[in-house]
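[1] okay, here's the prediction I keep looking at, along with the sequence it came from:
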Amino acid sequence: MSSERKTILVVDDERSMREFLEIMLAKDRYEVCCAASGVEAVDILHRQTFDLVITDIRMKPVDGLQVLKECKRISPRTVVIIISAYASTETAVAAMKEGAYDYLPKPFKVAEMRAVIADALQIREEQPAHEKTRVGPLYFGCLVGESPAMFRVYDLIERVAAAASNVLIAGESGTGKELVAKAIHRQSPRCGKPFIAVNCGGVPESLIESEMFGYKKGAFTGAVSTRKGLVEAAQGGTLFLDEISELSHSLQVKLLRLVQEKTVRMVGGTEDIPVDVRIIAATNRDLEIMVIEGQFREDLYHRLNVLPLNIPPLRERRQDIPLLADYFLAKFRKTLNKDVRKISSYAMDILTSYDFPGNVRELENIVERSVVLESSSIILPDSLTLANYKRRRCDPEPSPKPPLPPAGINLDEHLAAIERGFLSQALEQAKGVKLKAAELLGISFRSLRYRLIKYGLAGDDEQDGDPSAP
């Protein structure tokens with residue numbers, strides 16, 4: 001075991017037990033931190049990583065199982081030992097299912113506790129470090145997000161990375177399916193081998209077969225020499241097939257042969273070439289529906305969908321939007337060499353309330369465009385260019401188009417007048433209560449205040465309706 005001192009967090013609402021364990025562990029040269037409740041423990045775990053956690057199970061309002069779950073979510077490699085004076089088979093099984101290393105009833109023997117701790121730390125050190133490698137806001141060196149939905153994705157990445165089975169990643173366009181595939185590859189035993197990406201929808205059907213499987217000299221006009229395909233190029237590594245739903249039926253048959261037989265046959269060739277590749281496929285369409293409709297082979301679907309992984313759209317993890325926006329701002333501030341250092345709170349309100357039909361890719365484009373267009377050091381709402389602000393799932397019936405005067409109009413002034421009119425009507429309908437007015441207009445309170453100041457409608461703030469408002 002490493003000579004570096006191991007860190008242990010002791011969680012127990014019984015003071016005497018905390019003090020006993022602290023003294024015992026300190027004598028054994030561990031660095032010890034104590035928490036008097038589950039709530040305090042979770043707070044500490046968000047700020048510090050431990051090698052091992054020892055927690056009582058009967059605590060209120062946050063019990064030991066909740067501490068265990070949160071610990072495993074934040075730091076999967078941290079070992080957790082459960083202790084309790086109320087031991088039962090049900091709680092022991094529940095703890096083990098959630099990832100506890102062991103379950104010791106109180107009172108326990110000191111020698112037994114010491115042996116369990118030593119064994120747990122030894123096993124932890126021998127395990128490969130598949131933790132969520134983080135540098136700044138990046139997880140696995142490529143993914144950004146700290147929402148519960150993304151932590152579930154990180155957990156799945158770690159689980160499927162260790163296996164050799166095929167993976168099917170599903171998610172809307174722009175959610176980062178290729179980044180997830182790269183994260184799986186980097187965490188897998190194949191990380192030292194090639195990662196080859198093939199866009200099945202971006203290569204013409206007449207070319208994709210030869211691109212994927214290679215071709216023999218003379219197989220077709222222009223084949224002046226034998227050339228290996230992308231599948232062989234991924235030998236020993238990972239083959240990522242993006243937009244797998246776009247493959248033609250004939251290519252689906254050839255891909256099925258690759259998946260089942262682990263062999264490829266070059267265009268114009270007669271021999272089967274053995275290959276060792278792990279296949280990760282991705283799609284933004286529902287392959288099950290395509291199977292039912294006869295557009296995708298059922299046998300191939302089941303071969304690819306061994307380990308399914310769904311990427312949530314950005315609208316389902318809105319708390320990641322500020323983190324992503326700041327990450328992209330830092331990126332483009334550097335690459336575009338512009339001194340734009342902040343996104344205003346009003347602009348961030350607009351971003352967090354937008355549905356992002358293009359997901360993370362659309363957010364990245366919006367931030368890049370805003371950095372290019374912004375003339376000050378802070379991104380303001382007027383610098384944002386959104387395709388359809390506050391996009392709804394069910395769009396209302398389109399209203400009749402107003403006629404354009406023959407002489408034309410000043411569009412900015414016309415839109416400003418319309419916006420000012422709606423603001424005034426909302427204030428009047430809400431009887432001056434600005435929080436209610438913001439709800440009527442479907443915007444945030446801070447965004448409403450920004451617009452009221454912009455059009456000289458701010459007036460007296462005594463009826464803001466938001467006691468936290470400055």
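    Looks like it arrived, so ask away. Residues are numbered from 1 along each chain as shown.
[2] quick one, strands of the stretch 351-470 of the chain?
    Under the criterion DSSP state E, counting those that start in this stretch, the stretch 351-470 of the chain contains strands at 378-379.
[3] list the contacts for the one residue sitting closest to the centre of the chain?
    Taking Cα atoms, centre = their mean, the centroid of the chain lies closest to residue 150, which sits 3.4 Å from it. Residue 150 makes contacts with 139, 143, 312, 317, 320, as judged by Cβ atoms under 8 Å, 6 or more residues apart in numbering. The way it works is simple: take the backbone N, C-alpha and C, and place the C-beta from them, glycine included.
[4] how about 10 Å then?
    132, 139, 143, 144, 176, 311, 312, 317, 319, 320, 323 (Cβ atoms under 10 Å, 6 or more residues apart in numbering).
[5] could you find the closest non-adjacent residue to residue 38?
    Nearest residue to residue 38, sequence neighbours excluded (Cβ to Cβ, 6 or more residues apart in numbering): residue 62, at 3.0 Å.
[6] that neighbour - how many residues pack around it?
    16 (other Cβ atoms under 10 Å).
[7] now do it against residue 49, distance only.
    Residue 62 is 19 Å from residue 49, where distance means Cβ to Cβ, to the nearest Å.
[8] repeat for residue 433
    46 Å.
[9] that older thread, distance-wise, check the residue nearest to the centre of the chain relative to residue 157.
    10 Å.
[10] now do residue 139
    9 Å.
[11] now swap in residue 321 and tell me
    21 Å.
[12] go on, residue 192?
    18 Å.
[13] same check on residue 351?
    Applying Cβ to Cβ to residue 351 and residue 157 gives a distance of 26 Å.
[14] got it, and residue 114?
    Counting by Cβ to Cβ - residue 114 and residue 157 are separated by 35 Å.
[15] pick out whichever of those two has more residues nearby.
    residue 157 (23 against 14).
[16] helices and strands around the host helix or strand of residue 256, which ones?
    Here residue 256 is covered by helix 249-261, with elements defined by DSSP states H and E. If you count contacts as 3 or more Cβ pairs under 10 Å, 6 or more residues apart in numbering; DSSP states H and E, helix 249-261 packs onto helix 205-213, strand 263-264, strand 278-283, helix 298-304.
[17] looking at the ones you listed, which is nearest to residue 170?
    strand 278-283 (5.8 Å; Cβ to Cβ).
[18] okay, now the sheet partners of that closest one, with direction.
    The strands beside strand 278-283 in its sheet (DSSP bridges) come out as strand 167-170 (parallel), strand 238-242 (parallel).
[19] show the subsequent helix or strand relative to that strand.
    Strand 278-283 is succeeded, C-terminally, by helix 287-292 (DSSP H and E).
[20] next, the buried residues of that following helix.
    287, 290, 291 (16 or more other Cβ atoms under 10 Å).
[21] ok, residue 4 to residue 318 distance?
    For residue 4, the distance to residue 318 - Cβ to Cβ - is 40 Å.
[22] wait, doesn't residue 271 sit right on residue 265?
    Yes: assessed by Cβ atoms under 10 Å, residue 271 is found in contact with residue 265 at 7.1 Å.
[23] what is the burial count for residue 31?
    14.
[24] leaving out chain neighbours, which residue sits closest to it?
    residue 7 (4.7 Å).
[25] residue 380 too?
    residue 344 (5.3 Å).
[26] gap between the nearest residue to residue 278 once chain neighbours are set aside and residue 309?
    Once flanking residues are discounted, residue 278 sits nearest to residue 238: 5.0 Å by Cβ to Cβ, 6+ apart. To residue 309, residue 238 is 14 Å away according to Cβ to Cβ.
[27] which residues are in contact with both of the two?
    Contacts common to residue 238 and residue 309, judged by Cβ under 10 Å, 6+ apart, are 167, 181, 184, 280.
[28] quick check, nearest of those residues to residue 366?
    Closest to residue 366, out of all of the shared contacts of residue 238 and residue 309 and judged by Cβ to Cβ, is residue 181, at 24.6 Å.
[29] return the distance of that closest one relative to residue 36.
    44 Å.
[30] out of these two, which sits in the busier spot?
    More crowded of residue 181 and residue 36, by other Cβ under 10 Å: residue 181, with 25 against 15.
[31] tell me how many other residues surround residue 345.
    So residue 345, with other Cβ under 10 Å, has 14 neighbours.
[32] wait, what's in contact with it?
    Counted by Cβ under 10 Å, 6+ apart, residue 345 has contacts 322, 378, 381, 444, 446, 447, 450.
[33] so which of those residues is the closest to residue 249?
    residue 322 (44.8 Å).
[34] next, the closest one: secondary structure please.
    helix (DSSP: H, G, I helix; E, B strand; the rest coil).
[35] who's in contact with it?
    Counted by Cβ under 10 Å, 6+ apart, residue 322 has contacts 343, 345, 348, 351, 352.
[36] from the residues you listed, which shows the smallest pLDDT?
    Within the set of the contacts of residue 322, pLDDT is lowest for residue 345 (83).
[37] so, low pLDDT: which residues of the chain?
    1-3, 87-90, 93, 97, 126-136, 387-402, 459-470 (pLDDT under 70).
[38] quick check: buried residues in stretch 7-22?
    So, applying 16+ other Cβ under 10 Å, buried residues of stretch 7-22: 7, 8, 9, 10, 11, 12, 13, 17, 18, 21, 22.
[39] next step: those restricted to strands.
    7, 8, 9, 10, 11 (DSSP state E).
[40] columns distance to residue 203 on top of the residues you listed, output as TSV?
    Below are these laid out as TSV (distance: Cβ to Cβ, whole Å):
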residue	distance to residue 203
7	51
8	54
9	52
10	58
11	55
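[41] ok, the residue nearest to residue 91 when sequence neighbours are not counted - how many residues close by?
    The shortest distance from residue 91 to any non-neighbouring residue, by Cβ to Cβ, 6+ apart, is to residue 57 (6.0 Å). Using other Cβ under 10 Å, residue 57 has 26 neighbouring residues.
[42] and residue 361, by the same measure?
    Using other Cβ under 10 Å, residue 361 has 15 neighbouring residues.
[43] just give the closest residue to it, not the sequence neighbours.
    The shortest distance from residue 361 to any non-neighbouring residue, by Cβ to Cβ, 6+ apart, is to residue 174 (3.4 Å).
[44] was I right about that neighbour contacting residue 324?
    No: in this structure residue 174 lies outside contact range of residue 324 using Cβ under 10 Å: 11.7 Å.
[45] give me the common contacts of these two.
    Common neighbours of residue 174 and residue 324 (Cβ under 10 Å, 6+ apart) are 314, 356, 360, 363, 364.
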